[in-house]
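Predicted model follows, preceded by the sequence.
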Amino acid sequence: MNKSQVGQEIIRLLQSNSTKLDYGELPTDKIGNQTLGKANMLTNNATIYVKGTESTTKTAQTIIHEVTHISLQNPIYNQREEVIAFMREVKHSRDNLSYTQIKAIIQEVKSLYPTIPHR
Ligand SMILES: [Zn+2]
């Protein structure tokens, strides 16, 4: 987690949030996607489903993703917020995202979450 700048930021954020690791079965979200983690904005709690994350890198990325949701404190959950969370995940392993990678993330979010508001 400490190996990236984004990981270090998240460690600081974690001091005011709590993250729980869950080893049970993966839940699915409202539209049937299996989820690796979830964030509760009201209680500042993130849960990471370790069974789905499989590697320590993916576990770290999922923590970064969910804690990003909590740190944004958006009143309306939207695709833009998902794009930011996925971009921060990728930034754990590489410093700069290319335009092509950002475009791919936007496309992935659109296909994973077609029904949530754009922004
Ligand atoms: Zn998300």
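Okay, I see it. What you see is a predicted model; the values in this text were computed from it and never measured. Numbers count the residues shown, from 1 in each chain.

Can you name the residues that contact residue 24?
Residues near residue 24 by CB atoms under 8 Å, 6 or more residues apart in numbering: 49, 51. Every C-beta, even on glycine, is put in place using the N, C-alpha and C of the backbone.

What is the longest helix belonging to the chain packed up against?
When the chain is parsed with DSSP state H, its longest helix is helix 56-72. For helix 56-72, the packing partners by 3 or more CB pairs under 8 Å, 6 or more residues apart in numbering; DSSP states H and E come out as helix 5-14, strand 18-22, strand 37-40, strand 45-49, helix 50-53, helix 79-91.

Make CSV from the ones you listed and add mean pLDDT to it.
Converted to CSV, the helices and strands packed on helix 56-72 look like this (pLDDT from 0 to 100):
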stretch, mean pLDDT
helix 5-14, 80
strand 18-22, 80
strand 37-40, 90
strand 45-49, 90
helix 50-53, 86
helix 79-91, 95
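
closest one to the ion among these?
Closest approach to the ion among the helices and strands packed on helix 56-72 (CB to the ion): helix 79-91, 4.5 Å.

What helices and strands are in contact with that closest one?
Applying 3+ CB pairs under 8 Å, 6+ apart, we find helix 79-91 packed against helix 5-14, helix 56-72, helix 99-112.
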